[in-house]
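> Pasting the sequence and the predicted coordinates here, then a few questions.
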Amino acid sequence: MPVARLRVTGGVPEALRGGPVIFAVNHIGPFDPVAMTAACRAARLAPRLMATGGLFRAPVVGAVMRAAGHIRVNRRQADVAAAVDDVTAALAGGAHVLGYPEGRITLDPGMWPERGKTGLARVALATGAPVVAVAQWGAHEVAAWGGFGPTVRTLCRALVRRPVVRVHFGAPVDLSGIDPAVAGAAQRATDRIIDAITAELRPLRADEPRLPRYIDPVRPLSVQRRHRPAA
């Protein structure tokens, strides 16, 4: 890619490639879907992406997303739960699905994964599909949070500096011992998924353990959904 240097590590066992899999990825910026598409291609994977409904309404891009079979998530709308049914149906057909359990680009000041939404975990518990933790780092340096001006400036900077975008496919998340019939099961499964993603992310940003070197000046910050890793 002219705007970044891609580095993909880890892998998906052959035993998992032939059946349904949920890839759970941390969300750090608007360039994430592009970075993950490139990384999946390098890893010989073609998952159906869960993406915000706004992309499906965009000219050209929306038509491409629909034709490729990606899954629409209408966040903050009454029919947002329909995405769970669409993911369940895709997995029943043996598809791979890639989603962001945080449900939004992280607003954590250190850009660590936030407390997750329970949708992906509920699907995993209901279908038995394995969840593979995927960590990425560097995509936040390619495209800004929002707005035409900041996005153009960041892309021009990336064309010159070509930041390294690292994507690591980790191990399947251990969801054993969680009974879907017990109250709170989905949240416990979600916490395990976020913990696993965080563990895979730490080596990718070993030299940026607390704060990222590059901080997007237009990205809002919040600690309201800060995730507390299990002890």
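Received it, and whenever you're ready, just let me know what you need. Numbering: from 1, shown residues only.

> ok, now which ones touch residue 107?
Shown in contact with residue 107 (Cβ atoms under 8 Å, 6 or more residues apart in numbering): 114, 219, 220, 221, 222, 224, 225. C-beta: built from backbone N, CA, C; applies to glycine.

> From these, pick the one nearest residue 202.
Nearest to residue 202 among the contacts of residue 107: residue 114, at 15.8 Å, using Cβ to Cβ.

> from what I can see residue 192 touches residue 175, true?
Yes. Using Cβ atoms under 8 Å, residue 192 is in contact with residue 175, at 6.2 Å.

> show me where the chain has strands.
Ranges of strands in the chain, per DSSP state E, are 5-10, 21-25, 48-52, 71-73, 96-99, 131-137, 164-172.

> With residue 183 as the reference, name the closest of the ones you listed.
Using Cβ to Cβ, the strands of the chain put strand 131-137 closest to residue 183, at 20.8 Å.

> returning to what we had before: put together a markdown table for the strands of the chain, with distance to residue 204, mean pLDDT and mean neighbour count on each row.
As requested, those are exported to a markdown table (distance: least, Cβ to Cβ, whole Å; pLDDT from 0 to 100; neighbours: other Cβ atoms under 10 Å):
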| stretch | distance to residue 204 | mean pLDDT | mean neighbour count |
| --- | --- | --- | --- |
| strand 5-10 | 8 | 98 | 15 |
| strand 21-25 | 12 | 98 | 26 |
| strand 48-52 | 21 | 83 | 21 |
| strand 71-73 | 25 | 81 | 22 |
| strand 96-99 | 18 | 96 | 24 |
| strand 131-137 | 4 | 98 | 26 |
| strand 164-172 | 5 | 98 | 20 |
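
> Can you say which of the ones you listed is nearest to residue 203?
Nearest of the strands of the chain (Cβ to Cβ): strand 164-172, 7.5 Å.

> CA atoms only for the closest one, dumped as PDB, please.
Only the C-alpha atoms of strand 164-172 are listed here, as PDB (Å, rounded to 0.1, in the frame of the first residue of the first chain):
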ATOM      1  CA  VAL A 164       4.100   0.300   9.700                       C
ATOM      2  CA  VAL A 165       0.700  -1.300  10.100                       C
ATOM      3  CA  ARG A 166       1.000  -4.500  12.100                       C
ATOM      4  CA  VAL A 167      -1.800  -7.200  12.200                       C
ATOM      5  CA  HIS A 168      -1.400 -10.300  14.400                       C
ATOM      6  CA  PHE A 169      -3.800 -13.300  14.200                       C
ATOM      7  CA  GLY A 170      -3.800 -14.800  17.600                       C
ATOM      8  CA  ALA A 171      -5.100 -17.900  19.300                       C
ATOM      9  CA  PRO A 172      -8.700 -18.900  19.600                       C
END
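
> Determine which of the strands of the chain approaches residue 181 most closely.
Judged by Cβ to Cβ, the one of the strands of the chain that comes nearest to residue 181 is strand 131-137, at 19.0 Å.
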